[in-house]
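Asks: Based on what follows, work out the 3D shape:
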Amino acid sequence: MDELNGRDEVFSEKIRAGKRTYFFDVRATRANDYYITITESKRKFNRNGYDKHKIFLYKEDFNKFQASLLKTIDHVKTELMPDYDYEEFDRKPDFEDQPRTNQKPQYEMAHANDQKEEDELSTAWED
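Replies: The predicted structure is shown next:
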């Protein structure tokens, strides 16, 4: 585990989706509790930095969040677009997976300097 200002990152999953990258991170609080952050990171148009949007998901909301997400996805797949090939993009190599020269890995850049924001938002929850 990596110590991050009093919080441990317990698990991390990254999904590359075209120009966006999604991060699902499990973090431990100082009180040995756990929460999930879901981050969408998108390279800015001018290529200088990233636009990031973060959701904090606490254990008391896990079941409701999961049920609603699955219900919403199922609705789109079965009612709105039943004939769409949802595996189409699983078969294509991802543009973002191509090696780049002279650049930090995307995960490092996308997560740089956002720990302070996370600390401010989660401090009240921990106390």
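Asks: show me what contacts residue 59?
Replies: Residues near residue 59 by Cβ atoms under 8 Å, 6 or more residues apart in numbering: 33, 34, 35. Using the backbone N, CA and C atoms, a C-beta is placed for each residue, glycine as well.
Asks: and the second one, bridged to which residues?
Replies: In this case it means residue 34. Taking DSSP bridges as the rule, residue 34 bridges to residue 28.
Asks: Tell me, how many residues neighbour it?
Replies: Residues near residue 34, counting by other Cβ atoms under 10 Å, number 14.
Asks: The first one too?
Replies: For residue 33, the neighbour count with other Cβ under 10 Å is 12.
Asks: What of residue 41?
Replies: For residue 41, the neighbour count with other Cβ under 10 Å is 22.
Asks: about what we covered before: tell me the one of the contacts of residue 59 nearest residue 51?
Replies: Of all the contacts of residue 59, residue 51 sits closest to residue 35, with 22.6 Å by Cβ to Cβ.
Asks: Look up how far residue 63 lies from residue 69.
Replies: Using Cβ to Cβ, to the nearest Å, residue 69 is found at 11 Å from residue 63.
Asks: Out of the contacts of residue 59, which comes closest to residue 54?
Replies: The nearest member of the contacts of residue 59 to residue 54, counting by Cβ to Cβ, is residue 35 at 11.6 Å.
Asks: Spatially nearest residue to that closest one (excluding sequence neighbours)?
Replies: residue 58 (5.0 Å; Cβ to Cβ, 6 or more residues apart in numbering).
Asks: where does the one you found fall, phi/psi-wise?
Replies: Residue 58 adopts backbone torsions of phi -100, psi 150, taken as degrees, to the nearest 10.
Asks: what do you get for residue 74?
Replies: Residue 74 adopts backbone torsions of phi -60, psi -40, taken as degrees, to the nearest 10.
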